[in-house]
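Undergrad: fold the following for me, if possible:
(one chain, ligands or ions: 2)
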Amino acid sequence: MGNVQLAVVIPVYNEEANLPLLMQRIMPVMQGLGKSFEIIFIDDGSRDNSLEILKGFAQNTQVKVVELTRNYGQHAAIMAGFSITQADIVITMDADLQNPPEEITNLVKVMEEGNYDVVGTIRKGRKDSFFRILPSKIINIVARKITGVNMRDWGCMLRCYRRPVVERMIQCHEHATFIPALAMVFAKRVTEIEVAHEERYGGKSNYPLRKLINLQFDLVASFSDLPMKLIMYGGVLMSLLGICFGTFLAIARLVYGARWAAEGIFTLFAVLFVFVGLQFFALGVIGEYIGRIYREVRKRPEYMIEKIHTG
Ligand code: UDP
Ligand code: MG
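TA: Ligands and ions are numbered 1, 2, ... in the order given. Modelled structure (predicted):
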């Protein structure tokens, strides 16, 4: 049997409420494309009934279920999916039906007609909370600046990639990664199309603020040393300001006398606290990098496959 033409890679973490409808909607879409295809679900250590439901889907010969040993995170799960497919075009999407599977048809059409390496998507009328959209907005701007790639929406996972891009991504054994950005390192011809966005169908988002911040940091830290540079320049600026302020205090003391200066001592404390706080912040950022370096040098596998279930 030759390679399948299309593969859909879907990471799953506690999505039992969404899986049946997802499957129901995605199957006709894939069949309608008139190409050979496979759907690869990666169970990222779900603690609900997701794996059982997926095993049921795996009765179907066009479905493969990759069972990971534990929760490795969305991007590692997608990588695990990439690693087991040979398809020419690989589509990634979320399991929560926030992006309609029906959009795949258009995605593939755009890719083939334009001979693109990557087709990204822009969420039209995004249905997320303000606190979910705001960080995305910021990160989109930062990501545009640091990668120099003019993508409008980095966070939307409904995307498709051509085989060579996927293959090069697999070769990057990075722990902290952000797939849409990583793809941009390798892709030459890239475009973005608009896709509809819906509320999460069932269950709740797996991204509490802590995970979200971590992921956004992955995006920035894995692709640039901008945060470290900011600290450096910020540090220089701060010490210059500190020197100016010190000079001002010294002069003011000479002009207004010791009494004035003694009363000003509390201002000094305030300033000190600001600086100490900033130092801790800076240390934290450096610590983030060190933590990531540590993870990379340990060379542990980014994911571990327990079993692949197929029909
Ligand atoms: N996901 C995963 N592992 C995780 C967290 C999430 O595989 O540790 C999957 C999840 O099942 C979904 C996708 O990644 O298919 C996006 O997650 P979610 O919808 O919670 O993110 P949001 O839409 O809030 O960004
Ligand atoms: Mg979602």
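Undergrad: burial measure for I305, as a count.
TA: For I305, the neighbour count with other CB atoms under 10 Å is 14. In this view, the C-beta of every residue, glycine as well, is placed from N, C-alpha and C.
Undergrad: repeat for I170
TA: When counting by other CB under 10 Å, one arrives at 13 neighbours for I170.
Undergrad: how far away from the center of its chain is the helix or strand hosting it?
TA: Assigned by DSSP states H and E, I170 belongs to helix 163-171. Centroid separation for helix 163-171 versus its chain: 17 Å, with CA atoms, centre = their mean, to the nearest Å.
Undergrad: what residue is smack in the middle of this structure?
TA: Taking CA atoms, centre = their mean, the centroid of the chain lies closest to F178, which sits 4.2 Å from it.
Undergrad: buried sites along stretch 149-168?
TA: 149, 151, 153-163, 165-166 (16 or more other CB atoms under 10 Å).
Undergrad: swap in stretch 101-111?
TA: By 16+ other CB under 10 Å, the buried positions in stretch 101-111 come out as P101, E103, I104, L107, V108, V110, M111.
Undergrad: so which of those residues belong to helices?
TA: E103, I104, L107, V108, V110, M111 (DSSP state H).
Undergrad: turn these into a markdown table, including distance to ligand 2 and pLDDT.
TA: A markdown table is the format used below for these (distance: CB to the ion, whole Å; pLDDT from 0 to 100):
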| residue | distance to ligand 2 | pLDDT |
| --- | --- | --- |
| E103 | 15 | 96 |
| I104 | 17 | 97 |
| L107 | 18 | 96 |
| V108 | 22 | 97 |
| V110 | 23 | 97 |
| M111 | 23 | 96 |
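Undergrad: picking up where we left off before, export the buried residues of stretch 101-111 to CSV and tack on distance to C244?
TA: Output for the buried residues of stretch 101-111, formatted as CSV (distance: CB to CB, whole Å):
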residue, distance to C244
P101, 59
E103, 56
I104, 59
L107, 55
V108, 60
V110, 55
M111, 56
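Undergrad: need the residues of the chain near ligand 2, please.
TA: Contacts of the chain with ligand 2, taken as CB under 5 Å from the ion, map to D94, D96, Q98.
Undergrad: out of the residues you listed, which are inside helices?
TA: Going by DSSP H, the helices hold none of the residues of the chain next to ligand 2.
Undergrad: and ligand 1, which of those reach it?
TA: Contacts with ligand 1 within these, as defined by CB under 6 Å from any ligand atom: D94, D96, Q98.
Undergrad: just the helices in this protein please.
TA: So, for the chain - with DSSP H - the helices run 19-32, 50-57, 74-83, 103-114, 130-147, 163-171, 179-186, 209-223, 226-256, 258-263, 265-298.
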